[in-house]
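Engineer: Any chance you could fold what I've pasted below:
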Amino acid sequence: MNGVIALVGSGEFTAAMAEVDRGLLAATGRDRPRVAIVPTASWPDGEAIFNRWAAQGEAHFAALGAVPVPVLIADRAAADAPAAVAAISEADLVYFSGGKPGHLLAMLRDSAAGAALREAHARGAVIAGCSAGAMVLGGHQLRVGGGRFLGLALRWQDALGLVPDVVIVPHYDAIPETLVAPLVLAAPKGAVVVGIDEETAIVGRDGAWQVQGRGRVTVWRGLRRERHHAGSAVTF
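Structural biologist: Residues are numbered from 1 along each chain as shown. Got it, this is the predicted structure:
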């Protein structure tokens, strides 16, 4: 059975998400799970920030009793390096932190690390992504190029598809909903748009999910909007 997936709106590696992360560690079924910390999305923001996210993730999961392993994939060469592939392949939980979703997707698409991620998911490893890390796990991802959203030209590209036919919008409660409406209208045909509030997660697998954390998850099915609070079951 495919492993559990956690889509997180914000707050990775902080006390606000510790309870959610304890649940993810428990879902691995291991006494001391190995956690691959992947800060790749933050690389465009500079090496210092990239290393800071890796260190923060390592400290956070060590304090929760896990064995964290930073996986420092900055570029395509690193995404194909045996050490990165081994770290993801051996992990019980793989966690992608936030930053630039386009960079993260480019590093994982058709790379050895990306293949290792899919294999880990298929064998039952827990996969978690926060903000940009969540966005790439969906079926579709926004990119600059044709159409318009928030004043920018846009078009869609295939994301990793671990959560197929879904568009993930993190930081949902930090964005005026009137600005999200054009994205909902422009979403690929048949796609469900899932907005995840900050310090909130939706956790599940194979279409069955539960909201966790302080905020809400908003699900758009075409023009029909659903609100889900912590503890709510969601299907898509």
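Engineer: can we go C-alpha only for contacts and neighbour counts from here?
Structural biologist: Fine.
Engineer: Am I right that residue 191 is in contact with residue 221?
Structural biologist: Yes: with contact defined as CA atoms under 8 Å, residue 191 reaches residue 221; the gap is 7.5 Å.
Engineer: more crowded one of the two?
Structural biologist: Remark: of residue 191 and residue 221, residue 191 carries more neighbours, 19 against 16, as counted by other CA atoms under 10 Å.
Engineer: In contact with the more buried one: list those residues for me.
Structural biologist: Taking CA atoms under 8 Å, 6 or more residues apart in numbering, we find residue 191 in contact with 165, 166, 167, 221, 222.
Engineer: And for residue 193?
Structural biologist: Residues in contact with residue 193 (CA under 8 Å, 6+ apart) are 166, 167, 168, 169, 184, 187, 219, 220, 221.
Engineer: Just the ones of those in helices?
Structural biologist: Using DSSP state H, the members of the contacts of residue 193 that fall within helices are residue 184.
Engineer: Taking the contacts of residue 193, tell me the two that lie furthest apart.
Structural biologist: Of all pairs drawn from the contacts of residue 193, the greatest distance, 13.7 Å, lies between 169 and 221 (CA to CA).
Engineer: Quick check: phi and psi at the residue lying closest to residue 200 once chain neighbours are set aside.
Structural biologist: In this structure, residue 200 finds its nearest non-sequential neighbour in residue 213, 4.3 Å apart by CA to CA, 6 or more residues apart in numbering. Torsion angles at residue 213 (phi, psi; degrees, to the nearest 10) stand at phi 100, psi -170.
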